[in-house]
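Participant: Predicted model, plus sequence, below.
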Amino acid sequence: MQELFALSGGTVFLQHAAYGGAFRLARQVQIWYQSAMEGCPSCFVEEVFASAAASASSSLAKLLGGGKGDFVPVPTAAHSLHAVLTSGQFGSGDRLILSSITSPAARNVAVRWAARLGAEIGEVILDQEILQSRSRILQAFEAALAGISGVKLAILDHVCTFPPVVLPIREITSLCHRYGCKVWVDGSDAVGGLPVDIPTLGVQFYTADLSKWFCAPKGASFLWVHRREQGNVRPVVASQGSGLSFQQEFVWTGAGDLSAWMAIPAAGKIFQLLGFSEIRRRNLWLLQSATNLLLAAWESVELLGLEEDGVPAAAVSLPNVPDRMVSHDVAWELHRGLRIRYAIEASIKCWKGRLWVQISANLYNCIQEYERLAHAVPKLLEQFDQSTSRPTRPPSPPPGFMAPPPGFDTPCYKPAPKYKPPKPVPRSPPQIDHVAQPMPPVEPEDPASSYPPVVRTYGWGGTIAAQHSNQDFA
């Protein structure tokens, strides 16, 4: 399955939950749109852009529920929170709540906004003990909502970045609504890793960076807004689409690059062909095998994540680490040492007085890669200077350090492909049957999901955005 992904050879990628990894086909489709856009900019904007953008919204609606008019593109999930906070619904004196493990990006957006307008932020403490029980998570949120009067917005992660725990969003949302509080959820670590049906969650706002478990190219992010709220939410920057429909305001934000957004249907087709349930079952099985291997190899006693209804990500504690080495600096040096000395990408975290190795499992991984990690971490710990509180830094990466080290000959290893000169841009995006076989060809379900995008001709008059009818985005 490695051929499905755009990852280069020579490195073991065990932290998909951190930055994701795009399907090769989705990247090819993105590149096609970029080439078509630069090959004839006016033709692309006036003939292809609208239908390609609308096709992405339709694809998300089929996968995640709701109407296609409820999804809009945003540069990142953080941009979506900024758009919601500046929508005019929240202001000076209002109160927000977030959790102690809310993603840093969302936290920073909220803190900056609150500082500028004089709003207040409350924090729900979710420690390791609370995260082990859904009832205790709900009790923590109910205590916060009852103790902080006038909370207007809850900022939540569907799946926490670290530790990788799924929050009971539907139940938390019901609590928030009892106290008159709206809910914004970041599903970047959930979409593609969990079955998600957004309308059934009851939230007002849901966003996700699709470059993680959905395996779309970087820059493919969406904001879903409940229809009752769409009249209030506008993009951070007003541009060509200003004054048009909710969706057109977000789509027509200037001469930006929406090629990653337009590649969303290609990533969705991969999930459709391979089967989302089958992918998830295989990845969770591999993660279970990997964590058992690491727990036994390191004689660890603590494990975070690996929930039956969770995503394929978990964290294993490192035992017998001296207290002087338990720090964020040491975690970073271990992480960098794995990269430079062993060509392994795995997250090392310092949390609650312990060092943790966070791993993920995806279609491109195999058990031999976790065996390599199990061997490398103890070796790396031994190489640190035990006489000081600061570890010896790994050497600077030499030229070509991403090449595999000697002896890296696991069955799932595949070297990076040789460079090939680019071919002329074809007249239509790459098709789904170009991926590694065996893969059945795709029969288009309807014109909106087929390639090439539906071509429409528009007469001149008004702005370019106004040349496209609402039906293109409805």
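Facilitator: Here it is on my side, so go on. Residues are numbered from 1 along each chain as shown.

Participant: three-state assignment of Leu355?
Facilitator: State at Leu355, reduced to three classes by DSSP: H, G, I helix; E, B strand; the rest coil: strand.

Participant: Show the contacting residues for it.
Facilitator: By C-beta atoms under 8 Å, 6 or more residues apart in numbering, the residues touching Leu355 are Ser317, Leu318, Val321, Met325, Val326, Val330, Ala331, Leu334, Ile348, Lys349. In this view, the C-beta of every residue, glycine as well, is placed from N, C-alpha and C.

Participant: wouldn't Trp330 be in contact with Cys350 here?
Facilitator: Let me fix one detail, which is that residue 330 is Val and not Trp. Yes - using C-beta atoms under 8 Å, Val330 is in contact with Cys350, at 7.1 Å.

Participant: Settle it for me: which of those two has more neighbours?
Facilitator: Each of Val330 and Cys350 has its neighbours counted (other C-beta atoms under 10 Å); Val330 has more, 21 against 18.

Participant: Distance check, that one against Ile359.
Facilitator: Computed as C-beta to C-beta, to the nearest Å, the Val330 to Ile359 distance reads 19 Å.

Participant: Only the buried residues of stretch 207-215, if you could.
Facilitator: Thr207, Ala208, Asp209, Leu210, Ser211, Lys212, Trp213, Phe214, Cys215 (16 or more other C-beta atoms under 10 Å).

Participant: Test my guess that the third one contacts Ser221.
Facilitator: Yes - A contact is recorded between Asp209 and Ser221 when judged using C-beta under 8 Å, the distance being 4.7 Å.

Participant: What's the mean pLDDT across stretch 204-220?
Facilitator: The average pLDDT for stretch 204-220 rounds to 95.

Participant: Which of the buried residues of stretch 207-215 fall within strands?
Facilitator: Secondary structure from DSSP state E places Thr207, Ala208, Asp209 of those in strands.

Participant: how about JSON lines for the residues you listed, with distance to Phe23 added?
Facilitator: Shown next, in JSON lines, are those (distance: C-beta to C-beta, whole Å):
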{"residue": "Thr207", "distance to Phe23": "21"}
{"residue": "Ala208", "distance to Phe23": "16"}
{"residue": "Asp209", "distance to Phe23": "15"}
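
Participant: and which of those is nearest Tyr19?
Facilitator: Closest approach to Tyr19 among those (C-beta to C-beta): Asp209, at 9.6 Å.

Participant: who are the neighbours in contact with the closest one?
Facilitator: Gly20, Thr76, Ala77, Ser188, Ala220, Ser221.

Participant: coming back round to it: reformat the buried residues of stretch 207-215 into CSV and put distance to Ala6 next to each item.
Facilitator: Below are these laid out as CSV (distance: C-beta to C-beta, whole Å):
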residue, distance to Ala6
Thr207, 24
Ala208, 20
Asp209, 17
Leu210, 14
Ser211, 11
Lys212, 14
Trp213, 15
Phe214, 14
Cys215, 9
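
Participant: which of those lies closest to Leu286?
Facilitator: Distances from Leu286 to the buried residues of stretch 207-215, taken by C-beta to C-beta, are shortest for Trp213, at 14.3 Å.

Participant: surely the closest one meets Gly187?
Facilitator: No - contact status for Trp213 versus Gly187: not in contact, 9.6 Å apart, counting by C-beta under 8 Å.

Participant: Please pull out the lowest mean pLDDT helix or strand from the protein.
Facilitator: helix 246-251 (a mean of 82; mean pLDDT, DSSP states H and E).

Participant: Quick check: what element follows that helix along the chain?
Facilitator: helix 259-262 (DSSP states H and E).

Participant: counting contacts, what elements does that next one pack onto?
Facilitator: Helices and strands touching helix 259-262, by 3 or more C-beta pairs under 8 Å, 6 or more residues apart in numbering; DSSP states H and E, are helix 24-39, helix 49-64.

Participant: Quick check: mean pLDDT of it?
Facilitator: 94.

Participant: now stretch 30-45
Facilitator: Averaging pLDDT along stretch 30-45 yields 90.
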